[in-house]
Each structure stands twice: as structure tokens, then as C-alpha cells.
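[1] Requesting a structural model of the entry that follows:
(one chain, ligands or ions: 1)
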Amino acid sequence: MVPDRARVVVIGGGIIGASVAYHLAELGWTDVVLLERDKLTSGTTWHAAGLMVTFGSLSETSTRLRRYSRDLYARLEAETGLATGLKQCGFIELATEPGRLEEYRRVAAFNRYCGVDVHEISAGEVKELFPLARTDDVLAGFYVPDDGRVNPVDVTMSLARGARMRGATILENTAATGVLTRRGAVTGVRTTAGDISCEYVVNCAGMWARQLGEQAGVSIPLQAAEHYYLLTEPVEGLGRDWPVLEDPGSYGYFREESGGLMLGLFESVCAPWQVDRVPDDFSFGTLPPDWDRMAPYLEKAMARVPVSAEVGVRTFFCGPESFTPDLAPIVGEAPELRRYFVAAGLNSIGILTGGGMGQVVARWIVDGRPDVDVSAMHIDRLQPYQSNPEYRASRTVESLGLVYETHYPGRAMRTARMARRSPVHDRLVAERAYFREVSGWEAADWYAPPGVEPAVERLSWGRQNWFGYWESEHHAAREGVIVMDMSFMSKYVVQGRDAGRVLDYVSANRVDGEPGVITYTQWLNEGGTIEADLTVTKFDEDRFFVVATDTAHRHAQTWLRRHLGDAHAFVTDVTTGYAQLNVQGPRSRELLSAVSTVDFADAVFPYRTARHIDIGFARVLCVRITYLGELGYELYIPADQAVHVYERLVEAGTAYGLRHAGLKALSSLRMEKAYRDYGHDIDNTDSVLEAGLGFAVALDKPGGFVGRDAVAAQKAAGPLRRRLVQVLLRDPEPLMFHAEVVRRDGQPVGYVRSASYGFTLGGAVGLAMVEAGEPVDQSYLDSGEWTVEVAGTRYPATVSLRPLYDPTNARIRGS
Ligand SMILES: Cc1cc2nc3c(=O)[nH]c(=O)nc-3n(C[C@H](O)[C@H](O)[C@H](O)COP(=O)(O)OP(=O)(O)OC[C@H]3O[C@@H](n4cnc5c(N)ncnc54)[C@H](O)[C@@H]3O)c2cc1C
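    Numbers count the residues shown, from 1 in each chain. Below you'll find the predicted structure:
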């Protein structure tokens, strides 16, 4: 029998479910029931290799999860009496080619900033620590003495015991068969032993999570795939305390197991398993290994520790693990159903992040919002179509292999492409666009010149073959006129008698003013941190147009919908109904004047205004606004007339030197102007003031807004000690991408959240969140010596609170 009710029902007794239950109970929410269909760990957890590694991620959230997990596993036995098997024997990551060496130097600097004790060591030192490894081709090792391994079953049992000791109920042999709902929210869980009414459900069902979600109308696009390791017979001379050795260049990792070697594999092309449906009764299961497919990878990996090919094979183990479309976990409250949380899709690092994942989810539920940046893992970043079988089967082939690739900037996903296309896609192909995937859309990144194939010749950390093409697009936007297809942006029409009132209450800025005006605003939570960054255009008293970035598509929509209450206001997603072509640059006014009868003069069509205009046979919403810092206009065109309008622009554009520009140019242009990009340089942990967006907050508007009190309190508390600053390298040579550590007088004070190359400013430019024990103001910036560490070298930098490009907005006014 199951209890009639519980506050939270956690579904799934793998490491994630156990960790969520443990952390809820730890936070005092002890009225928790964990349901496990079979026995604890019977899904994927029982057969994990148990690597416990804190090195390797350029995400602050992931690194925090890893560090917390390791610390938790180290102390859990004292609390629960059950050991976790944590053995801090060390971990070494090998770099055997220059691209990987550069990547790991970048990662090491960032990880050190996050508190990971990582050391770059020589090939000789690798040999000393792991004498059976071949090291003749090793350029360096990255060694973390405190990392190592755990026993995944023991960790899970210890977490489950800890949860139970604090009052949680754990029920094995009890499957959830459905979720009970009312008015879009969870009210209970149906199980094989009866119904449990509850306030919250957490779906931690591992590779079953997708099909369980489907029953409740929640899309969780994860897919199981084969995952391998090989265990050898005992190996003479193999030390039990040797560190774990990982060599992504050879597809393998190595550690001691029962006197023999464990050789784990991440093959570059992998195999999805059970695309239709994971069997309900698959427990403690193994899959028949595909020797033929895996042989080349195995051979390459064995060459790193040659003795592995000489001793006998005890087991070639294959088990399923879930992977997600972008290799980030699927976490958070489902947009489809209130109080339905998900924590699944762990992409082969569920053990080493499991402790932290449970803590994040538990805090999210208890506090009502997460305390770490979740923009890259939130379930609502994903789209329902990604749950389609063909999409999953196609994308999963690429996912597991991504783990061990060198993560060069600009790498485009190769699978499941062409899923979403702008109406002018074919025209951009004809213009030699190089496309990359943007939330599933094919988006033009840059354009090759006539006669040149739009292809990346060689990925690298330096200037790639398209660097010069990008540069000329950048200059065309600054000096002439460009057209940029941004049809992937999220667009909504919000209508109704109360639309203005609701939008004004959800927005930190005043958005319900004069009709025909576009307003830049943030949507905040009650804590004053940012949920969305977008524009609201008021058409008339009961009709508004909201535009947000592609990744915020479902988040912004859900956020608004959930704030509507009983108001007479309705949100319609019109993303695919309109193409978006941006015409930007000092000559944009001339070009638009040539294709339309409308007067674009500043006096009649000023900055931040919007109106419907004629272009050829089409009626187009034209908004005078810019995201790249020049005079410019955004055109929202009914999808069926997009090609027509595009043709008119291109035809007329010849006389004005119109160039096509891609997203690379957008990023360098907007970064010079220090325009923010949600999910890249600002996120849900930043207050609107820290993000430097106080100018867009109407603190005194009548009726207030969500998050107002928190913003007012932070303002009253005095000068900020944490602020986003723009960073420009003085040396024009080095490139920044993300996560480069920023120092003031030699002391690390932050890292670059995102970066690009400022062709106008003359160097790499980025935005960094700086945290200091003192006010971060102009004198703090001016009185320090600033450097940025790029791949092990520190470069002098200029830092600024105001945009380094056109701080007075003279260019935008264009008058
Ligand atoms: C070969 C291999 C090696 C790995 N090595 C490592 C490693 O070294 N380090 C690392 O960090 N990670 C590793 N992983 C990944 C790690 O094992 C997973 O990320 C992790 O176990 C996922 O945990 P989970 O709780 O999400 O899923 P699971 O362990 O699968 O737990 C889900 C649970 O939900 C239960 N369930 C499903 N449906 C229902 C239902 N309807 N009702 C009730 N219960 C239900 C299942 O029975 C199952 O027990 C490895 C994976 C593989 C396959």
C-alpha cells in the first residue's frame, strides 16, 4: 500500500531520484515518497563506472554540481553509516594534440577559478602516476589529485538511507503509472499500489522519463544509447591507488577494477537503443555488445595502455544511458504542467553530478526558483518536436561522441539538421550562407564571397578560414547596410482588455505607454533576478507584440501565461507566422526609403517607434530598433510574403551596397555595444541591476511590477559589489570565447560570460561578471590593472561599465 498523500512524489530510484529525495528531506520537506518500479539502482545507476571528476566543464553550474557532489560523497558515510566508495585516487586528462591542449588550458584556468585544484603536468609525470600508459605522444596531462571514483550503487543507497533517516518514504516494487492533474497542475500520482495525492511530482525516471512524461503531456526529449566499458583480467603491476586516466583522443578512460583494468569508451558515432519505447521491465539489464562497431575504438583506446590488449577480457559491458539533444540535462518545472518537475537525461555524468543535481532540484522546488544558472539545462529550452522518434534516432548518433571531441568554438551540430527553416532559407543558400543550428533553426552564421564554398576548412582556436568574411560583414553593418535573417526569434501577440496591465506588471520597464512604441525590458522573478530579456511593442490599447530570443521561446511564453491569472489577456505564439529580416547600418534608411512609400525621416519615424509599412505588395511591421548599435530597422513580415519582401530589398539593395550578414557579425557588433544576450552573458542568477540594466527598470511606475521590491531593496543597500562589465583585450591577436578568467591586480574577480571579436574596437571583446568585496564602480575599474587569461597567458585588458562602442548612442540616432 502507498500513503494517501505526500507533499512530493519522486519517481525513480536511481542516483538522481535518491539525491532529490535526500535534499528535499534535508531542507525540511520530509513528507516525500520515492517510488521505484523495481529495486533502487536497477535502471542505469547500477552499472555506471563511477568516475568522480570535477575537471572538464566550462559551465559554472556544472562545475559547482561536480564539486558539491564530491564533497557530499566524502561526508555522507558519517551521516548515514553507509559508505559511498569514494576513492580520491586522482584523475588525469590527457592532451595529445595542440587543439586539445589549448582547450584544456582554457578549461583548467576556469576550473581553478571555480575552486578545482587542477595542475598541468608533463608526459613524464603522467608516466610516473600511471606507469602502464604510453606517453610518448602526450603533450600534457591535467591532474586533479582529489578526484577519483565512487561506487554508484553505494552512493545511491547512502542517499536513500539519508532521506529515510530524515523522514522520507522509499517504496520499491511500486511503479508510477500516471499523473493526476487539475487545471494544468499536478494533483497526484497513480501507482501500481494505488493513488497518492501530492503537490509536486519529480520525474527522475532516467531513460524511462520520456515515456512517463508523455502520459502527462510533458515532452522530455531524451533517448537511450549504448554505452560501453571493458573489464580485463587482473593486470600485473597495476596499482590500486593509481589515478583514473582519461584520453579523449583515444576514445577511452582507464581505471583499476578488481585488480584488472576498466577501459571505458566514448565512441564518436554511437547507437541509440529502443527508440520506440524502453521496455517497462528492463532491470539490472545489459545489452549485447556490438563488437564489430566498437572494435576500431577499442583498438585505439587499448593502444594508450597496451597491456589492456595483452591480458584477457573479463567482460565487454554494454548498458543504456540517456542522452539529450544538446548534451545538457533536462531539469526543472515542465512548461506543460505546473509542479511537474523533471531531472533526467544525464548524458553519462549522472553519478559525478548527481549529488549537486538533487540539491539544485530540491532548492528549486522549496524556494520556487533555482539558485544556479539553469538557462542551459532548463527543460523549457527544448521543443516538443525533439521528442519525435526520427529526431531522437538521428541526433543521438552524435551526442555521446561529443563528450570526447575537442570543443572548438563554432562547431555546428551535424545531425538532425534542416528541421526548421526560415521562409528565405533557399535564398540564403544561394548567397552562400554557412548555416549553424539555432534552437533547431538553420541560421546563417556567415557568408562566403562569390566563388567560395561556405565551409569550415579546419576547426581551431585561432582565426578560421571565414574570419575575413565575418570581418567584412561587420564593417558593412558599421559603414553601409546589411540584411540579416533572424526569423528564429520568438514572437508573441498578446491581446485583450487587460493585456497592457498584465504586461506592465510582468515587465520591469514601462511597456504600456504610447501606442507605436517598442520598449526593451526584463521580466523578473520576485527575487529581482532575470527570467527573460525582450522587447514589447504596443500596437494599441489591447494589442501588443513581444519578441524574445530563440532559447527563451517556451520560458517567456510560460512565464507570461502563468502570470495572466483571470485577466482578459491572451498570448498567441506567432513565431513561425512572421519572418524577421533586420535591415541595419547607416544606409538602412536610404534602402528602406527606396522600397517603401513611407517617410523614414527621424522626425516622423524616430528611434523606438513601430509602424506597419508597405514594401511591394506586402504589409510589414517595421520597428526602428537595433541589436547591433547602428541606425536600423527590424522587419516582421507575414511568412507568406517574406520571399517577396526579401527580393525587393535585395534588388534595391544593389544601389546601396547591401550585404548579407550572419550571426557571427551580430555577435561581434552587439558585443562591442555591450548589448546583453540572455542565457549567454546574463542569466537567472543575475539581478537586473547587476546586469547593468537598471536603465530599463521603471521603479516608480504605478502598480509596481514583479520583482520590484527586490530591486528597490538592492538599490537601497548601496553600491553593487557584483556587476557585469565589458572587457576588451588590448592585444589584437588573442581570441576570447567564453570562461576566460578576469583579474584585477592579479586577483581573479570574474570570468568572461561570452565574447566575440570587436573589429571596430580592435580586439577580442566580452562581457564579464565581476564580483568584489567592495563596490564595483568606475573608480574600482580605473584603479586596478586588468588582465584576462587566455589559454594560460594573461593579456592586459580595458574594462568599462559603459559600452566601449558609441557610448552616447549617436550612431543609433543616425540623424
Ligand atoms: C556504461 C556506463 C558507464 C557510466 N559511467 C559513469 C561514470 O563513470 N560517472 C558518471 O557520472 N556517470 C556514469 N554513467 C552515467 C550514469 O550511470 C547515469 O547518468 C545515472 O545513473 C543516471 O541516473 P538516473 O537516476 O537518472 O537514472 P536511473 O539510474 O536509470 O534511474 C531511474 C530509475 O527510475 C525507475 N523508474 C522508471 N520508470 C519508473 C516508474 N514509472 N515508476 C517508478 N520508477 C521508475 C527505474 O527503475 C530506475 O531505477 C555511466 C553510464 C553507463 C551506461
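[2] next structured bit after the helix or strand containing Ala556?
    Of the helices and strands defined by DSSP states H and E, Ala556 is found in helix 553-562. Towards the C-terminus, the helix or strand next in line after helix 553-562, according to DSSP H and E, is strand 570-573.
[3] Give the partner strands of the helix or strand following that next one in its sheet and their orientations.
    The C-terminal neighbour of strand 570-573 among helices and strands, as given by DSSP H and E, is strand 578-584. Strands flanking strand 578-584 in the sheet, each with its direction: strand 482-485 (antiparallel), strand 632-638 (antiparallel) (DSSP bridges).
[4] And for the helix holding Ala556, what's in contact with it?
    Here helix 553-562 makes contact (CB atoms under 8 Å, 6 or more residues apart in numbering) with 335, 338, 378, 380-383, 439, 490, 492, 494, 502-503, 506, 523, 531-532, 534, 546, 548, 571, 573, 575. Every C-beta, even on glycine, is put in place using the N, C-alpha and C of the backbone.
[5] what's the answer for stretch 108-120, then?
    Counting contacts by CB under 8 Å, 6+ apart, the residues touching stretch 108-120 from outside are 54-58, 60, 63-64, 67, 104-105, 140-146, 739-741, 748, 751, 789, 791-792.
[6] got the end-to-end distance for it?
    Counting by CA to CA, to the nearest Å, the length from the leading to the trailing residue of stretch 108-120 is 8 Å.
[7] before we move on, the earlier item: selecting buried members of the contacts of helix 553-562 in ChimeraX, what would you type?
    The following ChimeraX command selects only the buried members of the contacts of helix 553-562, with burial defined by 16 or more other CB atoms under 10 Å:
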select :335,338,378,380,381,382,383,439,490,492,494,502,503,506,523,531,532,534,546,548,571,575
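[8] Do you have the helices of the stretch 701-815 of the chain handy? List them.
    For the stretch 701-815 of the chain, applying DSSP state H, counting those that start in this stretch gives helices covering 708-716, 778-782, 810-813.
[9] closest one to the ligand among these?
    With CB to the nearest ligand atom as the measure, helix 708-716 is the member of the helices of the stretch 701-815 of the chain nearest the ligand (33.8 Å).
[10] re earlier: can you tell me which of the contacts of helix 553-562 are in strands?
    Where those overlap with strands, as defined by DSSP state E, the overlap consists of Ser490, Tyr492, Val494, Trp523, Glu531, Ala532, Leu534, Val546, Ala548, Val571, Asp573.
[11] what does this protein put close to the ligand?
    11-17, 35-38, 42-45, 47-51, 175-176, 204-208, 212, 227, 229, 319, 321, 344, 346, 348-352 (CB under 6 Å from any ligand atom).
[12] Would you mind pulling the contact partners of the longest helix anywhere in the chain?
    Counting residues, the longest helix found in the chain (DSSP state H) is helix 60-80. Outside helix 60-80, the residues that touch it by CB under 8 Å, 6+ apart are 52-54, 57, 82-84, 86, 88, 110-111, 114-116, 146-147, 150, 155, 158-159, 161-162, 165, 351-357, 359-360, 372-374, 376-377, 751.
[13] In strands, which of these appear?
    The strands, defined by DSSP E, take in Met52, Tyr751 from the contacts of helix 60-80.
[14] Please pick the buried ones from the contacts of helix 60-80.
    52-54, 57, 82-84, 86, 88, 110-111, 114, 116, 146-147, 150, 155, 158-159, 161-162, 351-357, 359-360, 372-374, 376-377, 751.
[15] Return the subset of these lying in helices.
    110-111, 155, 158-159, 161-162, 351-357, 359-360.
[16] Max pairwise distance over those: which two?
    Maximum pairwise distance among those (CB to CB): 35.3 Å, between Phe110 and Arg161.
[17] which among the ones in strands among the contacts of helix 553-562 gets closest to the ligand?
    Closest approach between these and the ligand, by CB to the nearest ligand atom: Glu531, at 26.7 Å.
[18] correct me, but that closest one touches Thr521?
    No. The pair Glu531 and Thr521 does not pass the contact test of CB atoms under 8 Å, sitting 11.3 Å apart.
[19] tell me which element Val331 is part of?
    When secondary structure is defined by DSSP H and E, Val331 falls within strand 330-333.
[20] That strand - what's its average pLDDT?
    The predicted model gives strand 330-333 an average pLDDT of 98.
[21] what's in contact with that strand?
    Outside strand 330-333, the residues that touch it by CB under 8 Å, 6+ apart are 209, 220-222, 324, 339-345, 357, 360-361, 364, 370, 374, 377-380, 382.
[22] now stretch 410-419
    By CB under 8 Å, 6+ apart, the residues outside stretch 410-419 that reach it are 325, 385, 391, 394-395, 397-398, 405, 435-437, 440, 442, 445, 456, 459, 464.
[23] Which of the residues you listed fall in helices?
    Tyr391, Ser394, Arg395, Val397, Glu398.
[24] and the last one, how many residues sit next to it?
    What it means is Glu398. 19 (other CB atoms under 10 Å).
[25] and what of Arg240?
    10.
[26] Please report how far it lies from the ligand.
    Distance of Arg240 to the ligand, given as CB to the nearest ligand atom, to the nearest Å: 18 Å.
[27] most remote residue from the protein's center?
    Glu236 (44.1 Å; CA atoms, centre = their mean).
[28] Gly90 is in contact with Pro243, isn't it?
    Yes. Counting by CB under 8 Å, Gly90 sits close enough to Pro243 to count as a contact (3.3 Å).
[29] More neighbours: the two, which one.
    Legend: neighbour count by other CB under 10 Å for Gly90 and Pro243, higher for Pro243 (24 against 19).
[30] so the more buried one makes contact with Tyr143?
    Yes. Applying CB under 8 Å as the test, Pro243 and Tyr143 come out as touching, 7.2 Å apart.
[31] so what sits against both of these two?
    Shared contacts of Pro243 and Tyr143 (CB under 8 Å, 6+ apart): Gly90, Phe91, Ile92, Leu129.
[32] a markdown table for the residues you listed, including distance to Ile625, secondary structure and pLDDT?
    Output for the shared contacts of Pro243 and Tyr143, formatted as a markdown table (distance: CB to CB, whole Å; DSSP: H, G, I helix; E, B strand; the rest coil; pLDDT from 0 to 100):
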| residue | distance to Ile625 | secondary structure | pLDDT |
| --- | --- | --- | --- |
| Gly90 | 53 | coil | 98 |
| Phe91 | 49 | strand | 98 |
| Ile92 | 51 | strand | 98 |
| Leu129 | 57 | helix | 98 |
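[33] Greatest separation within the residues you listed: which pair is it?
    If you compare every pair in these using CB to CB, the most distant one turns out to be Phe91 and Leu129, at 10.2 Å.
[34] what do those two both touch?
    Taking CB under 8 Å, 6+ apart as the contact rule, the neighbours common to Phe91 and Leu129 are Tyr143, Pro243.
[35] Give me the more crowded residue out of these two.
    Taking neighbours as other CB under 10 Å, Phe91 and Leu129 compare with Phe91 leading, 27 against 19.
[36] I'd say the more buried one and Phe130 touch.
    No. Contact criterion CB under 8 Å: Phe91 and Phe130 do not qualify, at 10.7 Å.
[37] list residues touching both of the two?
    In the contact map built from CB under 8 Å, 6+ apart, the residues linked to both Phe91 and Phe130 are Pro243, Leu245.
[38] In the stretch 251-400 of the chain, which residue sits nearest the ligand?
    Sorted by distance to the ligand under CB to the nearest ligand atom, the residues of the stretch 251-400 of the chain start with Gly350, at 2.1 Å.
[39] now for stretch 124-142, what's the gap between its first and last residues?
    According to CA to CA, stretch 124-142 extends 13 Å from its N-terminal end residue to its C-terminal end residue.
[40] Buried residues in it, which are they?
    Judged by neighbour count using 16+ other CB under 10 Å, the buried positions of stretch 124-142 are 125-127, 129-130, 132-135, 138-142.
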